[in-house]
Structures are given as structure tokens and as C-alpha cells.
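1. quick one, structure for this:
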Amino acid sequence: KPFKNPNYKSTKKYKSFKQVLTMEKATTYPIDFPTYWSMEAPPSILPQPKYCDITGFEAPYTDPKTNLRYHNMEVYQHIQQLPRGTEQQYLELRNAHVVLK
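-> Down below sits the predicted model:
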């Protein structure tokens, strides 16, 4: 009972992250064995977040006419005032622009 005995000394030694990595490097593991050096994860099952093309905030809405994503009504009004062709420049930033061949 370590919290009651004032002379108690722990026999367990803690290792730093660096020590764990060097120990892991020294041992040989199979190729498919997960280690700290091979931190590969499968693709996320969560949907990717959508961001506003104008402001960069989260975009719950998409303009059906231009396919631009927008954050709120103020941004939507700004999108409607854009000259023709400008929306393609915004869409090009996220690789969603129309390419005619």
C-alpha cells in the first residue's frame, strides 16, 4: 500500500518515448506488424468537412447554380454578385472547375 507507507519505493521504472522507439527499432518484426514507426491508418469513415470557397469557414450550403460552397446568407449574396467566370476560378482552387476539351 504505497499511499500509506511513507518509505515505499516503486520498483517499476518508466521509459521515455525515445527509449521505447529505440527498443522497437532494435527488435525485428514482421512487415505487417503495426509499430510506432509505421503509423498508417485506414481512410476515415467520417465524411470530409466542406469549407466555404469564399471565407474558409465550414460550409453547410452549396449554390446550385455555381456549385460554390458558402457559409451563410451574406456570402451567398456576395456569390450572386460575382461576374461570370469568376466562380470557375474559385472552383479551380479545390479542383472542382469545369474543363472543356
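
2. on the three-state scheme, the most centrally placed residue in the chain is what?
-> Relative to the mean C-alpha position of the chain, the nearest C-alpha, by CA atoms, centre = their mean, is the one of Gln48, at 8.5 Å. Using DSSP: H, G, I helix; E, B strand; the rest coil, the structure places Gln48 in coil.

3. what's the following helix or strand after the top helix by length along the chain?
-> As assigned by DSSP state H, the longest helix anywhere in the chain is helix 17-26. The C-terminal neighbour of helix 17-26 among helices and strands, as given by DSSP states H and E, is strand 61-62.

4. what helices or strands is that following strand leaning on?
-> For strand 61-62, the packing partners by 3 or more CB pairs under 8 Å, 6 or more residues apart in numbering; DSSP states H and E come out as strand 69-70. C-beta here means a position set from N, CA and C on the backbone, and glycine is covered the same way.

5. what comes up buried for whichever helix or strand comes after the strand it packs on?
-> Tracing the chain C-terminally past strand 69-70 and defining elements by DSSP H and E, one meets helix 73-80 next. Within helix 73-80, the residues that count as buried by 16 or more other CB atoms under 10 Å are Val75, Ile79.

6. what's the mean pLDDT across whichever helix or strand comes after helix 73-80?
-> Toward the C-terminal end, the helix or strand that comes next after helix 73-80 (DSSP H and E) is helix 86-93. For helix 86-93, the per-residue pLDDT values average out at 92.

7. got the angle between helix 86-93 and helix 73-80?
-> Put simply, helix 86-93 runs at 110 degrees to helix 73-80, going by axes from the mean of the first three to the mean of the last three CA atoms, to 10 degrees.

8. using CSV, write out every CA atom in helix 86-93.
-> Included here for helix 86-93 are C-alpha records, laid out as CSV according to Å, rounded to 0.1, in the frame of the first residue of the first chain:
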residue,chain,number,x,y,z
THR,A,86,-15.1,34.2,-61.5
GLU,A,87,-16.8,31.2,-59.9
GLN,A,88,-14.7,28.9,-62.1
GLN,A,89,-11.6,30.5,-60.5
TYR,A,90,-12.9,29.7,-57.0
LEU,A,91,-13.8,26.2,-58.1
GLU,A,92,-10.3,25.7,-59.6
LEU,A,93,-8.8,26.2,-56.1
